[in-house]
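Q: Below: sequence and its predicted model.
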Amino acid sequence: MTALDIPPVVRAVADAAAAVGGRTFLVGGSVRDHHMGKPIKDWDLEVHGVEADDLERLLRKIGRIDTVGKSFAVFKLHQRGLELDVSIPRRDSKAGPGHKGIVAEGDPHLGVVEATRRRDLTVNALLMDVRTGEILDPWHGLDDLRDHILRPVDRETFLEDPLRAVRAVQFAARLEFAPSDSLLAQCREAALNELPPERVLAEWAKLLLRGGRPSLGMALARDTDILARLFPQHPCPVAQDAALDRAVAFRAHMGPEGRALALMVAVWLAGLPLAAATATLDRLKLFRWVGFPAREVALAAAGQVDAPIATDADLRWLSTRAEVELTLFARSALRDEDLTPVMARAAALGVMWEKPVPLVAGRDLETLGMRPGRAMGQLLQELYALQLDGELNSTEDALNLARIKLAV
């Protein structure tokens, strides 16, 4: 494990807290990822021994802050383009059903054991003292990191929040760790019916977008009936798991995150009747993702993965029904076939990301004396179909044919 390069703002928080008797820890996935040799993306800090109001005053001297949860003291600290989550320890209590039924209460003197008890998995319950580098591991998460095991921290707290079961699924895919028997048992008991769709979607997106082996997450979800309970209209066959793993190789080439999600969803939904695919996305309330129409694009691609692609005309027609590149990537993952030559042909035709522009428009037909209306629409459709078939290759050819048909 290499030495951790701690940003100056993180050290500034730790030094300010230490000056008033506090102790600052890097917590959760940041410590886990560092031990796995991965770069830290989110600097999440927990300050022990400092009251919430005092912590807020200290942070305001360091940078701009936003208060996320006043009752349990979570602050977002902004300085020079870096955003930190800074909080005090808190305890969770079950006050109602579902994820929103968890009531959090800040307590700066809670102690390390109790503060980490609310974490989901032992590998996410590690702390590192920012100033000394000391690792605190009250739940033996380092052992589970070494053994590649996902184990719940505490049975009672794990089941209080059923979202933890879905989080375990995406962590299995991302970390490529195996679930312990205790995790399997608790995931089977989780009251998934209490979860709002948007929270499930957030975790499912991590499975599909960040999982190196989505099949491991799907296996955990299948073994614990999470799949059957969340998506009763999707059989989620085992054969689909390997296709999702193959799709990971294409995911990085998809550009915006919404497009990447659309690809993975298309592979996941392929083979389903449209009604069942739509019902599955309804369960997640997935429509747009980061501004991208992921639902529309994924459904279109999933419905066209078996479309003919042997000829140029096939590819032109496909482009009118779905995005060609995304559909071919999905097909390649599903069938485990090399479609590089087809991709090259689609690129040469200019149909990878958009359908061909019609050779003629309504205004062109108006110059021939045709009035707008149903007949014009039908003629335009006929001419476009011939263009897609490759029988019309220029505006001149299309207009000559239009003249012939109008003269009849």
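A: Received, thanks. All values derive from a computational prediction rather than experimental measurement.

Q: ok, residues contacting stretch 177-197?
A: 97-101, 121, 123, 144, 148-152, 155, 158-159, 162-166, 168-169, 171-172, 200, 216, 220, 223-226, 229-230, 283-285 (Cβ atoms under 8 Å, 6 or more residues apart in numbering). (Glycine included, C-beta is placed from N, CA and C.)

Q: hmm, which of those are the buried ones?
A: By neighbour count, with 16 or more other Cβ atoms under 10 Å, the contacts of stretch 177-197 hold 98-99, 121, 123, 144, 149-152, 158-159, 162-166, 168-169, 171-172, 200, 216, 220, 224, 226, 230, 283-284 as buried.

Q: For residue 88, give its distance to residue 141.
A: 21 Å (Cβ to Cβ, to the nearest Å).

Q: before we move on, what about residue 55?
A: Noted for residue 55: a distance of 26 Å to residue 141, by Cβ to Cβ.

Q: what do you get for residue 4?
A: Residue 4 is 17 Å from residue 141, where distance means Cβ to Cβ.

Q: Please apply the same query to residue 28.
A: 10 Å.

Q: Any chance you could list residues touching both of those two?
A: In contact with both residue 28 and residue 141: 124, 125, 126, using Cβ under 8 Å, 6+ apart.

Q: Which neighbouring elements make contact with the longest helix anywhere in the chain?
A: Taking DSSP state H as the assignment, the helix of the chain that covers the most residues is helix 374-389. If contacts are counted by 3 or more Cβ pairs under 8 Å, 6 or more residues apart in numbering; DSSP states H and E, helix 374-389 sits against helix 312-319, helix 362-366, helix 395-407.

Q: Can you tell me which of those is most buried?
A: Ranked by mean neighbour count, the helices and strands packed on helix 374-389 are led by helix 312-319 with a mean of 20 (mean count of other Cβ atoms under 10 Å).

Q: List the contacts of it.
A: With Cβ under 8 Å, 6+ apart, helix 312-319 has contacts from 304, 307-309, 324, 327, 342, 345-346, 349, 351, 354-356, 387-390.

Q: tell me the mean pLDDT over the next helix or strand along the chain from it?
A: Counting by DSSP states H and E, the next helix or strand C-terminal to helix 312-319 is helix 324-335. The average pLDDT within helix 324-335 is 98.

Q: Dump helix 324-335 to PDB, restricted to CA.
A: This file holds the C-alpha atoms of helix 324-335, laid out as PDB (Å, rounded to 0.1, in the frame of the first residue of the first chain):
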ATOM      1  CA  VAL A 324     -26.600   1.600 -34.300                       C
ATOM      2  CA  GLU A 325     -23.300   1.700 -32.300                       C
ATOM      3  CA  LEU A 326     -25.000   1.100 -29.000                       C
ATOM      4  CA  THR A 327     -27.200  -1.700 -30.500                       C
ATOM      5  CA  LEU A 328     -24.100  -3.400 -32.100                       C
ATOM      6  CA  PHE A 329     -22.200  -3.200 -28.800                       C
ATOM      7  CA  ALA A 330     -25.200  -4.800 -27.000                       C
ATOM      8  CA  ARG A 331     -25.400  -7.500 -29.600                       C
ATOM      9  CA  SER A 332     -21.700  -8.200 -29.500                       C
ATOM     10  CA  ALA A 333     -21.900  -8.600 -25.700                       C
ATOM     11  CA  LEU A 334     -25.000 -10.800 -25.900                       C
ATOM     12  CA  ARG A 335     -23.800 -13.100 -28.600                       C
END
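
Q: Under the pLDDT cut-off, which ranges of the stretch 251-400 of the chain? List them.
A: By pLDDT under 70, the stretch 251-400 of the chain contains no weakly predicted segment.

Q: What is the burial count for the residue lying closest to residue 370 once chain neighbours are set aside?
A: The shortest distance from residue 370 to any non-neighbouring residue, by Cβ to Cβ, 6 or more residues apart in numbering, is to residue 376 (5.5 Å). By other Cβ atoms under 10 Å, the residues close to residue 376 number 15.

Q: Could you tell me which residues make contact with residue 376?
A: Taking Cβ under 8 Å, 6+ apart as the test, what residue 376 contacts is 362, 365, 370.

Q: swap the cut-off to 10 Å and go again
A: 362, 365, 366, 370, 402 (Cβ atoms under 10 Å, 6 or more residues apart in numbering).

Q: how about the residues you listed in JSON lines, adding distance to residue 49?
A: Below are those laid out as JSON lines (distance: Cβ to Cβ, whole Å):
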{"residue": "362", "distance to residue 49": "74"}
{"residue": "365", "distance to residue 49": "79"}
{"residue": "366", "distance to residue 49": "79"}
{"residue": "370", "distance to residue 49": "82"}
{"residue": "402", "distance to residue 49": "82"}
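
Q: Confirm for me that residue 82 is in contact with residue 9.
A: Yes - assessed by Cβ atoms under 10 Å, residue 82 is found in contact with residue 9 at 5.8 Å.

Q: Show me the common contact partners of these two, please.
A: Shared contacts of residue 82 and residue 9 (Cβ under 10 Å, 6+ apart): 43, 63.

Q: With neighbour numbers in mind, choose between these two.
A: Between residue 82 and residue 9, counted using other Cβ under 10 Å, the more crowded position is residue 9 (19 against 13).

Q: Isn't the more buried one up against residue 79?
A: Yes - assessed by Cβ under 10 Å, residue 9 is found in contact with residue 79 at 4.5 Å.

Q: Find the residues that touch each one of those two.
A: Common contacts of residue 9 and residue 79 (Cβ under 10 Å, 6+ apart): 62, 63.

Q: Show me the strands in the stretch 201-350 of the chain, by range?
A: Taking DSSP state E, counting those that start in this stretch, the stretch 201-350 of the chain contains no strands at all.

Q: ditto for the stretch 51-200 of the chain
A: 64-69, 74-79, 82-87, 90-94, 102-106, 127-129, 135-136, 149-150, 178-179.

Q: on that earlier part again, settle it for me: which of residue 4 and residue 141 has more neighbours?
A: Remark: of residue 4 and residue 141, residue 141 carries more neighbours, 26 against 14, as counted by other Cβ under 10 Å.
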